[in-house]
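Undergrad: Here is the input, now give the coordinates:
(4 chains)
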2 protein chains.
Amino acid sequence: MPGRSFRGELVRGTTPLLLLSVLADGELYGYDIAQRIRARSGGAFAPSEGALYPSLHRLEAEGALVARWSRSDRGPRRRYYRLTDAGRGLLERNRREWEAFSGVVEAVAVSERHA
Amino acid sequence: MPGRSFRGELVRGTTPLLLLSVLADGELYGYDIAQRIRARSGGAFAPSEGALYPSLHRLEAEGALVARWSRSDRGPRRRYYRLTDAGRGLLERNRREWEAFSGVVEAVAVSERHA
DNA sequence: TCGTGCTATATCGCAATTCGAGGTAGTTGG
DNA sequence: CCAACTACCTCGAATTGCGATATAGCACGA
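TA: Numbering: from 1, shown residues only, chains lettered A, B, ... in the order given. Prediction:
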């Protein structure tokens, strides 16, 4: 998902968290989700379609999102995604997991001298 | 690499950083490296052999580590790994990369309201 | 002495997931 | 008429962690 700043392996696993996070803003379609992630990350994260759409479909299949087609008068049709209650719960769990995870990495890799 | 706390996908990409970090302590062998990671992470990270040894071999092949066999008098033989100058440089780059990366995830996923 | 368990290294195949590339379409503007 | 942008989707290649498996030495107790 990296625009260019990060090795792809680092980004692994954070994609659902990122998608769910921007979807907390409301009902959005795929292309818009990608742009919001780009904007919020200052260009550091730029999800490719090959990562974005499969991840969206997975979350939908898991029941975290519901989707509907919009017959847009202007431009291609769009598929709008919305968080379910389960999705909101998953978002909270993923946020907490990320906080814990990054704290542990910090402890092992970054913090001052070890005994 | 998670003991049990984290989804494996999250850990992807952090393994080299973790290995290099504990190797900053000095010359260590694989099993010891794994135990130090376990200890420093409070049990949250417990690298399996299938992740540990391949990663060590990769770093060695890249020139970040050098290895030697020790003819241990008691117990099985051990392979000791030591950071090269290139490895120390890689460690520093990986640390900075991690700091930047986790900051961006924080900004997108965790921080307060977005405009 | 036999088995269990811990130290210690290593490899194999599987599963998960990202990426790049390619494909389909509609709209706008030069 | 074609390029550029929006917008969706899928496929194959590459990466890499994990579990299982293998080898081997040592220590301990039944």
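Undergrad: CA atoms of the worst-scoring helix or strand of chain A on mean pLDDT as CSV?
TA: Least confident helix or strand, chain A: helix A:8-11 with a mean of 84, by mean pLDDT, DSSP states H and E. C-alpha atoms of helix A:8-11 as CSV (Å, rounded to 0.1, in the frame of the first residue of the first chain):
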residue,chain,number,x,y,z
GLY,A,8,5.3,-3.4,1.6
GLU,A,9,5.8,-5.9,4.3
LEU,A,10,5.4,-3.3,7.0
VAL,A,11,2.0,-2.3,5.7
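Undergrad: Can you give me the buried ones in the helix or strand just after it?
TA: The element immediately downstream of helix A:8-11 (helix or strand, assigned by DSSP states H and E) is helix A:15-23. Residues of helix A:15-23 classed as buried: A:15, A:16, A:17, A:18, A:19, A:20, A:21, A:22, A:23 (neighbour count, 16 or more other CB atoms under 10 Å in any protein chain shown). (Each C-beta comes from the backbone N, C-alpha and C, glycine too.)
Undergrad: The helix or strand following helix A:15-23 near DNA strand D anywhere?
TA: Toward the C-terminus, helix A:15-23 is succeeded by strand A:28-29 as the next helix or strand (DSSP H and E). Yes - counting by CB under 7 Å from any atom of the strand, DNA strand D is contacted by strand A:28-29 at residue A:29.
Undergrad: Who are the packing partners of the helix or strand that strand A:28-29 is followed by?
TA: On the C-terminal side of strand A:28-29, the nearest following helix or strand under DSSP H and E is helix A:30-40. Packing partners of helix A:30-40 (3 or more CB pairs under 8 Å, 6 or more residues apart in numbering or on different chains; DSSP states H and E): helix A:15-23, helix A:49-61, strand A:78-83.
Undergrad: Rounded mean pLDDT for helix A:30-40, please.
TA: Mean per-residue pLDDT for helix A:30-40: 92.
Undergrad: and if you look at stretch A:103-115?
TA: Across stretch A:103-115, pLDDT averages out at 77.
Undergrad: Same question for stretch A:80-87.
TA: In the prediction, stretch A:80-87 has an average pLDDT of 96.
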